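Student: Mind folding the following:
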Amino acid sequence: MTALASDLTGLRTLVAHGGVVVLSGAGLSTESGIPDYRGPTGALRTAQPMTYQDFVASAAGRRRYWARSFLGWRRIAAAEPNDGHRAVADLQRRGLLDGVITQNVDGLHQAAGASDVIELHGGLDLVVCLACGKRERRVDLDARLRAANPGFGASVQRVNPDGDADVPDAELDGFELVGCRYCGADLLKPDVVFFGENVPKPRVEACYALVEASRALLVLGSSLTVMSGLRFVRRAAKLGIPVAIVNQGWTRGDELADVRVDAPLGTVLPALLS
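Tutor: Here you go, the predicted structure:
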């Protein structure tokens with residue numbers, strides 16, 4: 001029996017009893033063409049993402065962000081669920097999952113058919129006004145930005161998991177922002193948690209409650225480098241709830257895992273179903 005087959009045996013045993021909560025990260029979406037931050041395609045290897053503090057500090061910073069995101073959104077919007085997303089949805093349909101918590105903002109779990117997904121860091125499909133608090137669909141904002149910037153284009157070097165594209169600053173000149181459709185303020189932000197921003201407390205508490213009521217926690221494609229995900233693994237381990245981690249490469253939660261599989265999710269999860 002190969003090492004992977006042996007690991008899969010333990011994973012199958014853990015999942016087969018049901019009551020599983022999935023915690024997914026960017027590694028689950030890399031096979032859909034969306035890079036992660038810290039894995040083999042890690043964006044943090046080449047650039048730091050926009051922080052909340054930089055975003056709110058100046059209109060110039062917001063214009064730069066939205067020019068890049070205007071281009072990067074194409075990649076996110078066109079991405080389709082991969083075998084890993086479909087496998088998670090299938091496990092849920094079989095009654096083996098009690099819930100899905102995702103650190104991703106791409107909406108691919110829902111596109112694959114998963115339901116009641118808690119988006120820990122929000123979703124790129126909505127935009128929020130920091131002045132009045134009202135929300136707008138991203139597709140509607142995109143239409144308004146297109147109208148304000150006919151013919152705008154630039155050489156996209158890469159697209160990050162949050163939809164922020166790496167584009168030379170010199171090619172961003174002339175991009176026009178649009179204001180909130182409700183109050184007109186120049187304070188529109190993707191409805192996602194930026195680096196340097198806190199996850200809303202009620203959302204964190206809902207995730208804790210889901211994990212605490214589970215029979216097992218299954219981590220998929222997350223290095224657990226940041227505390228927003230690692231805290232749920234620590235809570236499960238403290239309560240004696242088994243933890244399984246499927247990820248390519250080291251994770252910060254490895255020492256807490258009862259089952260560890262180091263392999264591509266697009267291979268492991270379909271094999272788990274079989």
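Student: C-alpha from now on. contacts and neighbour counts both.
Tutor: Fine.
Student: name the helices or strands packed onto the helix or strand encompassing A236?
Tutor: Assigned by DSSP states H and E, A236 belongs to helix 227-238. If contacts are counted by 3 or more C-alpha pairs under 8 Å, 6 or more residues apart in numbering; DSSP states H and E, helix 227-238 sits against helix 201-212, strand 216-220, strand 243-246.
Student: Nearest spatial neighbour of F195, chain-adjacent residues omitted?
Tutor: Excluding its sequence neighbours, the residue lying closest to F195 (C-alpha to C-alpha, 6 or more residues apart in numbering) is T51, at 4.7 Å.
Student: swap in E197?
Tutor: For E197, ignoring the flanking residues on the chain, the nearest one in space by C-alpha to C-alpha, 6+ apart is Y52 at 5.8 Å.
Student: was I right about the one you found contacting P190?
Tutor: No. Taking contacts as C-alpha atoms under 8 Å, Y52 lies outside contact range of P190: 10.9 Å.
Student: pLDDT below threshold where in the stretch 1-150 of the chain?
Tutor: For the stretch 1-150 of the chain, the stretches flagged by pLDDT under 70 are 1-6, 37-48.
Student: rewinding a little: and the helices and strands packed on helix 227-238 as a markdown table, adding distance to Q92?
Tutor: Output for the helices and strands packed on helix 227-238, formatted as a markdown table (distance: least, C-alpha to C-alpha, whole Å):
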| stretch | distance to Q92 |
| --- | --- |
| helix 201-212 | 15 |
| strand 216-220 | 13 |
| strand 243-246 | 17 |
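Student: all strands of the chain, in order?
Tutor: With DSSP state E applied, the chain shows strands at 20-24, 97-102, 117-119, 122-129, 135-137, 158-159, 165-166, 188-192, 216-220, 243-246, 259-261, listed in chain order.
Student: For D173, find the nearest of these.
Tutor: Closest to D173 of the strands of the chain is strand 165-166 (C-alpha to C-alpha; 14.6 Å).
Student: Against which helices or strands is the closest one packed?
Tutor: Judged by 3+ C-alpha pairs under 8 Å, 6+ apart, strand 165-166 is in contact with helix 59-78, strand 158-159.
Student: That strand pairs with which strands, and in what direction?
Tutor: Its sheet considered, strand 165-166 pairs with strand 158-159 (antiparallel) by DSSP bridges.
Student: Any chance of the helices and strands packed on strand 165-166 in a markdown table with mean neighbour count and distance to A257 as columns?
Tutor: Formatted as a markdown table, these follow (neighbours: other C-alpha atoms under 10 Å; distance: least, C-alpha to C-alpha, whole Å):
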| stretch | mean neighbour count | distance to A257 |
| --- | --- | --- |
| helix 59-78 | 20 | 31 |
| strand 158-159 | 20 | 32 |
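Student: now those in a markdown table, with distance to A143?
Tutor: Conversion of these to a markdown table gives the following (distance: least, C-alpha to C-alpha, whole Å):
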| stretch | distance to A143 |
| --- | --- |
| helix 59-78 | 10 |
| strand 158-159 | 20 |
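Student: So for C207, which of the ones you listed sits nearest?
Tutor: Counting by C-alpha to C-alpha, and looking across all of the helices and strands packed on strand 165-166, nearest comes helix 59-78 at 25.0 Å.
Student: what sits against the residue nearest the centre of the chain?
Tutor: Central residue of the chain (C-alpha atoms, centre = their mean): N104, 0.9 Å from the mean position. By C-alpha atoms under 8 Å, 6 or more residues apart in numbering, the contact list for N104 reads S24, G25, A26, E119, L120, H121, G122, G123, P161.
Student: so who does the first one touch?
Tutor: Contact partners of S24, counting by C-alpha under 8 Å, 6+ apart, are V100, I101, T102, Q103, N104, V219, L220, G221, S222.
Student: top of the residues you listed by neighbour count?
Tutor: Highest neighbour count within these: S222, with 31 neighbours (other C-alpha atoms under 10 Å).
Student: Number of residues surrounding the residue nearest to that residue when sequence neighbours are not counted?
Tutor: With sequence-adjacent residues excluded and distances taken as C-alpha to C-alpha, 6+ apart, S222 is closest to G25, at 4.3 Å. By other C-alpha under 10 Å, the residues close to G25 number 23.
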